[in-house]
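Colleague: Quick one: sequence plus predicted model below, questions after.
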Amino acid sequence: MHILIATAGSHGDVAPYTGLGTRLHRAGHRVVIATHARSAALVRRSGLGFHPLPLDRYAASAAEDKKGNGPGKAGQGAGLSKVEQMRLARELAPEMADAVTEACASGAEVLMFSSSLAPLGLVAAEGLQLPGIGVFLQPLAPTREFPPVIFDMPSLGPFGNWALGRCAQSLLARAFAPGVRHLQRQLGVTERALERRGATWPIHHGFSPAVVPRPADWRPGMEVAGYWWPSEVPDWTPEAGLADFLRSGPPPVFVGFGSMAPSDPERLGRLLARAFRLAGVRGVVQSSWAGLSVEGDDVLTVGEVPHARLFPHMAAVVHHAGAGTTAAGLRAGVPAVPVPMMLDQPFWASRLTSLGVSPGRIPFGRLSAENLAAALRKAVHDPRYRHRARQVSALIGTEDGAGRVLATVEQLSGGGRGKGQGPVR
């Protein structure tokens, strides 16, 4: 069976689908991932087909809009506001809608969409009369059990959480409305048909029920599958400098902010160096999009390193609490100090605290050398956090998130094996 997986966002919004796609491919299905052109090498290295979407122009527009927006101090300029993101999404939605439809119509028999493209994908699936499956990395459907993940706020109680969840869905729908209406006209999809499809299509969520249990008030067909681990390079080995650093002393602390780009990386680097000294720990700092570089005998700055290979060697991990990095830290069984910046990051940061694997989150805007050092001392030296982290890791290790999605695909294909076992270039 020919399966198309369409996703948009940062590296963390693409990497989990390489693992999901690899599992489907091993089961005999032909898998193509449609996403940013900058992710082509990542996808193809996983042995999967690649289809470009015009998402890099969105990233370029976002970067251009962000220039000069924040004063040059740590904690500001880390990303676009929700209003700015919605404006960009609305402007580019019709172009994106056509690109999604083109990808879906290129021979796919089953369509899978991340939450970032689901509103467009649902119209394409209905218009092309193809089965569609939601493969979401965040719990976006309204529920009485917790507030919507895109709003950083405490629980408002069952009624308040549900009402705010509906409000969040309405805001997301407005962002995609131009593209959805454009596709409906192009494909002849009525509002009633779209509502019927949206009320019944299967949605799997790629996180562990040990981290976010399935809300009891979700409709049938919405499942929490378990994590989809990114595809790995099988022969990866650490560079000599990293290997030597890991051997030369006690386990260090990892710091990385993924695709987030703080406005003053030099100041942030000095803050981190001071926090390491105050806490009395060694550090491995990942430069990533943040452009971080920290100097010192007990600090090593690295480029891209697979988290699955690096995190088990760490005493703790400090990160922005993106869904993928949060998952990698839980899988490794190490304590966390989340430093969330935007969107769903505060939600995952709060989950780490409630799970007992973190002494508490530090919002990026309030980050200081002193409060980071205090959190690091707790995370590294209080055995409760490592013990709990290992317990959660063991629970996650028993799950097969990709297998749950594969079972749904096999139901759609009547249990048969797919066509075309080789990757599509």
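Modeller: Nice, thanks for sending it over. Numbering: from 1, shown residues only.

Colleague: Asp382 touches Pro359, doesn't it?
Modeller: Yes: between Asp382 and Pro359 there is a contact under Cβ atoms under 8 Å: 7.3 Å. C-beta coordinates here come from the backbone N, C-alpha and C atoms, glycine included.

Colleague: neighbour count winner among these two?
Modeller: Set Asp382 next to Pro359 and count neighbours by other Cβ atoms under 10 Å: Pro359 wins out with 22 against 12.

Colleague: Let me see the contact set for the more buried one.
Modeller: By Cβ atoms under 8 Å, 6 or more residues apart in numbering, Pro359 lies in contact with 335, 337, 353, 375, 378-379, 382, 385.

Colleague: next one: Glu239
Modeller: Val302.

Colleague: ok, so what distance separates it from Ala27?
Modeller: From Glu239 across to Ala27, the span is 34 Å (Cβ to Cβ, to the nearest Å).

Colleague: do the same with Pro213
Modeller: Distance, Pro213 to Ala27, using Cβ to Cβ: 28 Å.

Colleague: Between those two, point out the one with more neighbours.
Modeller: Set Pro213 next to Ala27 and count neighbours by other Cβ under 10 Å: Ala27 wins out with 17 against 11.

Colleague: Am I right that Ala34 sits in a strand?
Modeller: Yes: counting by DSSP: H, G, I helix; E, B strand; the rest coil, Ala34 falls inside a strand.

Colleague: what is it paired to in the beta sheet?
Modeller: For Ala34, the beta-bridge partners are Ala6, His51 (DSSP bridges).

Colleague: how far out from the middle of the chain is stretch 186-203?
Modeller: Distance of stretch 186-203 from its chain centroid, counting by Cα atoms, centre = their mean, to the nearest Å, is 26 Å.

Colleague: May I see the buried residues of it?
Modeller: 187, 189, 194, 197, 201-203 (16 or more other Cβ atoms under 10 Å).

Colleague: ok, the nearest residue to Leu24 once chain neighbours are set aside to His205 distance?
Modeller: Computed as Cβ to Cβ, 6 or more residues apart in numbering, the closest residue to Leu24 that is not its neighbour in sequence is Val31, at 5.1 Å. Using Cβ to Cβ, we find Val31 at a distance of 19 Å from His205.

Colleague: Among these two, which residue is more densely surrounded?
Modeller: Comparing Val31 with His205 by other Cβ under 10 Å, the one with more neighbours is Val31, at 31 against 26.

Colleague: Where does that one sit: helix, strand or coil?
Modeller: At Val31 the chain is in strand, as set by three-state DSSP.

Colleague: Tell me if I'm right that it and Ala6 touch.
Modeller: No: applying Cβ under 8 Å, one finds Val31 not in contact with Ala6, separated by 11.7 Å.

Colleague: Output the lowest mean pLDDT helix or strand found in the protein.
Modeller: Of the helices and strands making up the chain, the lowest-confidence element is helix 56-66, at a mean of 48, by mean pLDDT, DSSP states H and E.

Colleague: Enumerate every residue touching Pro335.
Modeller: Neighbouring residues of Pro335 by Cβ under 8 Å, 6+ apart: 315-317, 357-359, 379-380, 385-386, 389.

Colleague: how about those in CSV, adding distance to Gly296?
Modeller: Listed next are these as CSV, based on distance: Cβ to Cβ, whole Å:
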residue, distance to Gly296
Ala315, 17
Ala316, 18
Val317, 19
Val357, 27
Ser358, 25
Pro359, 24
Ala379, 20
Val380, 17
Tyr385, 25
Arg386, 25
Ala389, 26
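
Colleague: Inside helices: which ones of those?
Modeller: With DSSP state H as the criterion, helices contain 379-380, 385-386, 389 from among these.

Colleague: buried sites along whichever helix in the chain runs longest?
Modeller: The residue-count maximum for a helix in the chain (DSSP H) belongs to helix 157-187. Using 16+ other Cβ under 10 Å as the test for burial, helix 157-187 gives 161-162, 164-165, 168, 172, 175-176, 178-180, 182-184, 187.

Colleague: ditto for stretch 383-391
Modeller: Buried, per 16+ other Cβ under 10 Å, within stretch 383-391: 385-386, 388-389.

Colleague: could you dump the residues you listed to TSV with distance to Trp348 and pLDDT?
Modeller: Converted to TSV, the buried residues of stretch 383-391 look like this (distance: Cβ to Cβ, whole Å; pLDDT from 0 to 100):
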residue	distance to Trp348	pLDDT
Tyr385	16	97
Arg386	19	96
Arg388	16	97
Ala389	15	97
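
Colleague: Report the two of the residues you listed separated the most.
Modeller: Within the buried residues of stretch 383-391, Arg386 and Arg388 form the most distant pair, 7.4 Å apart (Cβ to Cβ).

Colleague: Can you pull out the residues in contact with the helix or strand just after the longest helix of the chain?
Modeller: Using DSSP states H and E, the next helix or strand after helix 157-187 towards the C-terminus is helix 191-198. Helix 191-198 is contacted from outside by 122-123, 125-126, 132, 180, 184, using Cβ under 8 Å, 6+ apart.

Colleague: quick one: low-confidence parts of the chain?
Modeller: Scanning the chain for pLDDT under 70 picks out the ranges 55-92, 261, 289-290, 413-425.

Colleague: Show me it divided up by domain.
Modeller: Taking automatic domain parsing as the domain assignment, the ranges for the chain are 2-227+399-412, 240-397.

Colleague: now, which of the buried residues of helix 157-187 sits nearest Met222?
Modeller: Using Cβ to Cβ, these come closest to Met222 at Gly165, 13.1 Å.

Colleague: how close does Arg181 sit to Glu102?
Modeller: Going from Arg181 to Glu102 by Cβ to Cβ gives 18 Å.

Colleague: first vs last residue of stretch 331-350, how far apart are they?
Modeller: Start to finish, the residues bounding stretch 331-350 are 17 Å apart (Cα to Cα, to the nearest Å).

Colleague: do the same with stretch 258-271
Modeller: 18 Å.

Colleague: Report the buried residues of that stretch.
Modeller: Buried residues in stretch 258-271, counted by 16+ other Cβ under 10 Å: 258-265, 268-269, 271.

Colleague: Check stretch 270-285 too.
Modeller: For stretch 270-285, burial by neighbour count (16+ other Cβ under 10 Å) applies to 271-276, 279, 281-285.
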